[in-house]
Each structure stands twice: as C-alpha cells, then as structure tokens.
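Asks: here is my input, please return the structure:
(one chain, ligands or ions: 2)
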Amino acid sequence: MRLTHLPLTTLKEVPADAEIISHQLMLRAGLVRRLSSGLFTWMPLGLRVLRKVERIVREEMDRAGALEILMPAVQPAELWQETGRWDVYGDLLLRIRDRHDRDYCFAPTAEEVVTEVARRELRSYRQLPVNYYQINTKFRDEIRPRFGVMRAREFVMKDAYSFHLDQASLEATYDAMAEAYSRIFTRLGLRFRKVDAHGGEIGGSRSQEFHVLAESGEDRIAWCEGDSFAANVEMAPAAPPAIPRPAGTQALTRVPTPGVRSIDDVTAFLKVGASQCLKTLVVEGSDGGLVALLLRGDHELNPLKAERAPGVARPLKLASPERVLAATGAPVGAIGPVNLPLPMVADHSALVLADFVCGANAADAHLTGVNWERDLPLPRAADLRNVETGDPSPGGGGALTIARGIEVGHIFQLGDKYSQSMHAVVLDQDGKERVMTMGCYGIGVSRIVGAAIEQNHDGNGILWPEPMSPFDVILIEINPKKSDPVTAAAGALYKDLQAAGFDVLFDDRDARPGVKFADADLVGIPHRLVVGERGVREGKAEYRHRTSGNEEQVGLTDVLDFLRARRELPRQG
Ligand code: ATP
Ligand code: MG
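Replies: Numbering: from 1, shown residues only. Ligands and ions are numbered 1, 2, ... in the order given. Predicted coordinates for the structure are as follows:
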C-alpha cells in the first residue's frame, strides 16, 4: 500500500489519557481511535494487525477440529433467565430493550446462546464431541475501561464451546485446546505462560489461563523452572514454612505508638522489619459475626484463599470500621490477636513468628515481644497469603518465579452448569437422555494486539513480532520527485516485492526523510528498505531491521532473496 493512499496521522505527543505504553503507541501510530469510553475504531493499520491475529487463531482452531459458527451479538434475556445469570451477571451486562419491550443483552460471552444451539442441533451421542467457535464482538460494561483495547468495553473475542457425552471426551478436547492456544501464541511470536486459574464468573472446575508476559500486566503469575508448576498467584498454594518456630527471648511489652497505624508506620516507628510484625485484618464472617485474619506484616492477603478459610463470608468483605470498633472497642488499625474477642485464622507463616509486634487493641499502642502459646493460644492455621518470589514451588522442583502477565486466553472445563439448567441432552448408547458436559475456551483477540506491544516496544515505537506486523516491509523513498531514477527504482522495487508475496507499505509521501524514519519506527514494521539517490546510483538500497538497528547495503536486484532469508521463524517457548 502506498502511504499517499493511506492517510496516516501519527502523533508526536503522548496522548494525555493513555496510561500505558501500548495504548499510547496505538494512538500515536494511528492503529486505533477512541470513540468513547472503552470504544475504539480500528484504523487501517490496526485492523491489519487484528486480522492477522484472527487468521492465526482461526487456522489453529480449525486445525484442532473446532467448527466456526457466528452467533448473534444481541441475545434474548430469556436464555439468561434460564441459567439464572440474568440476575447474577450484574452491571457488566449491557441490557437493551426492543420496540416490543422485550429484554435483550449485548453478548459479554455466549454460553447460553451456544447451549441453545446445541440442544436444538445435537440429538445423539454419535454427533459428539462438537466444538463450536466464533470470532466476534463482545461487550462488557467494565467499571473502569482502561489500557486502551486491553480493557475495552467493546472488544473482539474468540470464544469456543465444546459438548461431550462424558468427562474423558471433555478432557481430550480441553487438552487439544490448550495445545492449540500454545501454538497460537507461539506463532504470534509472543512470550507467554500457561497457568492454573480460577474459574471465576463462568463457574466449572478445571481452568487455565494464557498470559503474555509484560510488566504492565494486571495479573501476577507464579511458576517454577524445575517442575511443571505454573499458576495465577491468586491460585498458587503457599506451603507452610519448613523451619520450626524459634524460641522467644523478649518479654511482652506494651509500647505507646501515637499516630502509628499502618505496617509501614509501625516498622518506621519501632525500627523493625515488616516480616517481624503481625497484621490483623477483620472481615465479615459467614455467621454474620466477624473473623480476624492474621498475616505476617510483609505478606499480602489472598482474597480467594481468605474466603475459603473457616468461618469467613463469601465473597470476602472487610468489616467496616464501625463494626470493628463495636466488636473490639478498638479502631481498625489497632487490632491485634492478644485477647481479641473474635474467632481468628492465621496464615501458616504468621505462626512461626517469635517476638513479634502487633496491635494492642487500643489506639496509639502496640505490643512487642509477643510469642505464641506464651502470650496467646495458637489460632487455626490456613493458607491465606499470596506466594512470593523465592517461595518453594508446590511441585517440589525449586523456588517460584513471579512475573506480571496479561490474560489473553482462558480455557475452562464447565461440566454441566449450563447444559443442566438449559436441559441440553443427547441420547446415549442405550437410548437414554444424558446431559452433555461442556468446555469453553476464550481468546482476547483485540487484547492480544495491545499485549504484543506491551511486550515489544522501544523508545521510538512498536517492535512488531513479524507474524502480527501490519506489513512485512516498509519501503521508504527519499525525496520523491515525479520523474527521477529514485522514484523509478523505488516504484519498481515496490512492484517486485508485492509480486514476490510481501506485504509492503510504500512511503512515497512528499515528506522529509526524518519524518518518514520516525513514522517507520513508530509503526514498527520489522523490515525497512530505503531507496535514495546515492544508493540508486550504486544500484543499492539500504536495509535495517527494526530491532537490530544496524544498516546494511543490499543490491537492488538482491533484495528479494535478502528479505526471504531474513523472515523470522516463530519464537519458541
Ligand atoms: P479479565 O480477568 O481480564 O477481566 P475475564 O477473565 O473476565 O478477563 P474471560 O471471560 O476469561 O475474561 O474472557 C476471555 C478473554 O477475553 C480473556 O482472557 C481476555 O483476553 C479477553 N477479555 C476479557 N475482558 C476483556 C476486555 N474488557 N477487553 C478486552 N479483552 C477482554
Ligand atoms: Mg478469564
């Protein structure tokens, strides 16, 4: 494509409302334009990237035996009422009403609709398993749309749903999808991890997420190189400490700590490490009372683990300051386990502390030199905290590494959650009705574009992995004039490259070379060819790869072979 035919408006300035680099670069490079909160128009360059991602996703889904369909984006409320999700899905669901006053929603996902399709379409076990997928627009009315296309309200998702007679068949398809996903992200040239995940809203049993590794990721994932353990931090178990509790040496002391509230205040004021402190979080209990959760000061509460702890209400809810004061006589920041009139659950690592510091259940005082079984009884123990880098892997293969990830895919074994409530049955070998078992498999197609940029950029712009780049090659003509040898050579090269099957963006604009180079870097096409006056005189073009930065001279007649030899193979692992 000639840039004289593609109105490319790149921006030098960083757009004020774009918090993260991928969003900034997507706006600056003209890939997308914001219409309204969480709504984006995909401009020509951006759409090319999106389509390349879609194509790879589609090829791998087809290869894995999934069947493409296209379901409506507008879904009748009745189906959601059948599964009960009309009431529980909450404000993420965009509800709409038609001229006959009938309720609909804009699809945030499609379990109900696909189950409706399957219960009408599938009659016999002989037709199973079936794995239907689609690539289309979803809408979720996110509380805080942000990060551009990565947490949009309207976005493109690939969602697949499989139907089975039994668990073994579900597992086979689930494994095939996991494999297909790994192939997809490998082919896209992204560094990613597959991790055990929480089923979340959709329900069901086994589930795994695929994360693109990037600093800006909203999730934290933990894995161990020495074994196969990999999990979202929210799901990773923390092993109880292997070392026994040391003996206490200090006397229990009450120290005045005026104005000291948070763990940071305590460590600064008393000059102790946070790991020597014990923090107490008061949450709502399942019986309507309160429960105190005890953790080492430097550890983070894991909400999913906490709501599974004995006596804790689901979903987890911190107790209000008023309730804490009424139940304990002390303000929230001053609570500690000594003589606390509440049921308590302690994280395993809080129970191997000795001579620790904690709140005194009175404002402006703390206790130091506190020891279990001398100053207070041992409470119930549970795993309540997030794992940290260096914690032992539950797989036994060594220490955990923790990094941030962007969730780009999610696969679930749903079981019969939807098929049961919607009575999606087939006849089995004995002619008996059997409720089908389901799996579901999502990929955030549009999120992948942002995630790829988060992982691949430098100070000048995007560094597209070759398979996602809007074009294979950018061809820059220096100082084009109507009839001169440079224009002739660049035009001929453009035709040759296209004829050889390369997608070429031809910068034939009447613009300064500096502007063209800056735009080329910003847009991030991997291979750059420059045709200028001196080069043409010598029969040469100048080549540079976007990531290496080194310039090389290539004979104009050798360019095709030169580029063919430099095409990237998909990155491994
Ligand atoms: P998240 O935890 O990021 O909100 P989710 O777990 O709710 O996502 P799923 O229901 O698993 O999302 O949807 C499948 C995929 O769709 C996700 O893995 C993600 O890549 C993508 N996705 C979800 N929400 C959005 C969004 N608001 N914008 C863009 N992509 C999204
Ligand atoms: Mg998910």
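Asks: verify the stated contact: Gly390 with Ala399.
Replies: Yes. Gly390 is in contact with Ala399 according to C-beta atoms under 8 Å; the separation is 5.0 Å. Where you see a C-beta, it was placed from the backbone N, CA and C, and this is true even at glycine.
Asks: compare these two (neighbour count), which wins?
Replies: Higher neighbour count among Gly390 and Ala399: Ala399, with 13 against 10, using other C-beta atoms under 10 Å.
Asks: for the more buried one, give me its contacts.
Replies: Applying C-beta atoms under 8 Å, 6 or more residues apart in numbering to Ala399 gives the contacts Cys224, Thr389, Gly390, Asp391, Pro392, Ser393.
Asks: quick one: it from ligand 1, how far?
Replies: Between Ala399 and ligand 1 the computed distance is 27 Å (C-beta to the nearest ligand atom, to the nearest Å).
Asks: ditto for Ile478
Replies: Separation of Ile478 from ligand 1 (C-beta to the nearest ligand atom): 40 Å.
Asks: chain neighbours aside, what residue packs nearest to that residue?
Replies: Counting by C-beta to C-beta, 6 or more residues apart in numbering, Ile478 lies nearest to Gly532, which is 3.7 Å off, once chain neighbours are set aside.
Asks: what's the spacing between the one you found and Gly289?
Replies: 78 Å (C-beta to C-beta, to the nearest Å).
Asks: between those two, tell me which one has more neighbours.
Replies: Taking other C-beta under 10 Å, Gly532 and Gly289 do not tie; Gly532 has more neighbours (18 against 14).
Asks: so what's the residue most central in space within the chain closest to, chain neighbours aside?
Replies: Centroid-nearest residue in the chain: Glu407, 1.8 Å away (criterion: C-alpha atoms, centre = their mean). Closest residue to Glu407 apart from its sequence neighbours, by C-beta to C-beta, 6+ apart: Glu209 at 5.1 Å.
Asks: quick check: Leu165 vs ligand 1, distance?
Replies: From Leu165 to ligand 1 the distance is 25 Å (C-beta to the nearest ligand atom).
Asks: what sits against that residue?
Replies: Leu165 touches Tyr125, Leu128, Pro129, Val426, Asp428, Arg434, Met436, Thr437, counting by C-beta under 8 Å, 6+ apart.
Asks: test my guess that the last one contacts Tyr161.
Replies: No. In this structure Thr437 lies outside contact range of Tyr161 using C-beta under 8 Å: 11.5 Å.
Asks: each with direction, which strands does the lengthiest strand in the chain pair with?
Replies: In the chain, with assignment by DSSP state E, the single longest strand is strand 401-415. Strand pairing for strand 401-415, using DSSP bridges, gives strand 207-213 (antiparallel), strand 219-223 (antiparallel), strand 437-444 (antiparallel).
Asks: tell me how far it lies from the chain's centre.
Replies: On the basis of C-alpha atoms, centre = their mean, to the nearest Å, strand 401-415 sits 7 Å off its chain's mean C-alpha point.
Asks: does any bit of that strand sit next to ligand 1?
Replies: Yes. Strand 401-415 lies within reach of ligand 1 by C-beta under 6 Å from any ligand atom, at Glu407, Val408, Gly409, His410.
Asks: next, count neighbours for the residue nearest to Glu407.
Replies: By other C-beta under 10 Å, the residues close to Glu209 number 27.
Asks: hmm, Phe412 and it touching each other?
Replies: No. The criterion here is C-beta under 8 Å, and Glu209 misses it with Phe412 at 9.8 Å.
Asks: what do these two both touch?
Replies: Residues touching both Glu209 and Phe412 by C-beta under 8 Å, 6+ apart: none at all.
Asks: coming back round to it: please produce JSON lines containing the contacts of Ala399, extended by pLDDT and secondary structure.
Replies: Output for these, formatted as JSON lines (pLDDT from 0 to 100; DSSP: H, G, I helix; E, B strand; the rest coil):
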{"residue": "Cys224", "pLDDT": "95", "secondary structure": "coil"}
{"residue": "Thr389", "pLDDT": "95", "secondary structure": "coil"}
{"residue": "Gly390", "pLDDT": "93", "secondary structure": "coil"}
{"residue": "Asp391", "pLDDT": "94", "secondary structure": "coil"}
{"residue": "Pro392", "pLDDT": "94", "secondary structure": "strand"}
{"residue": "Ser393", "pLDDT": "94", "secondary structure": "coil"}
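Asks: closest to Leu293 among the residues you listed?
Replies: Lowest distance from Leu293 to the contacts of Ala399 (C-beta to C-beta) belongs to Asp391, with 19.0 Å.
Asks: for ligand 1, see how far away the residue sitting furthest away from the middle of the chain is.
Replies: Going by C-alpha atoms, centre = their mean, the residue of the chain most distant from its centre is Ser483, 51.5 Å out. To ligand 1, Ser483 is 49 Å away according to C-beta to the nearest ligand atom.
Asks: can you name the residues bridging to Val195?
Replies: Beta-bridge partners, per DSSP bridges, of Val195: Glu209.
Asks: now do the contacts for it.
Replies: Gln208, Glu209, Phe210, His211, Ile221, Ala222, Trp223, Ala230, Ala231, Asn232, Met235, Gly405.
Asks: type out the ChimeraX command that picks the buried ones from these.
Replies: ChimeraX command restricting the contacts of Val195 to the buried ones, with burial defined by 16 or more other C-beta atoms under 10 Å:
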select :208,209,210,211,221,222,223,230,231,232,235,405
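Asks: thank you kindly, that will do.
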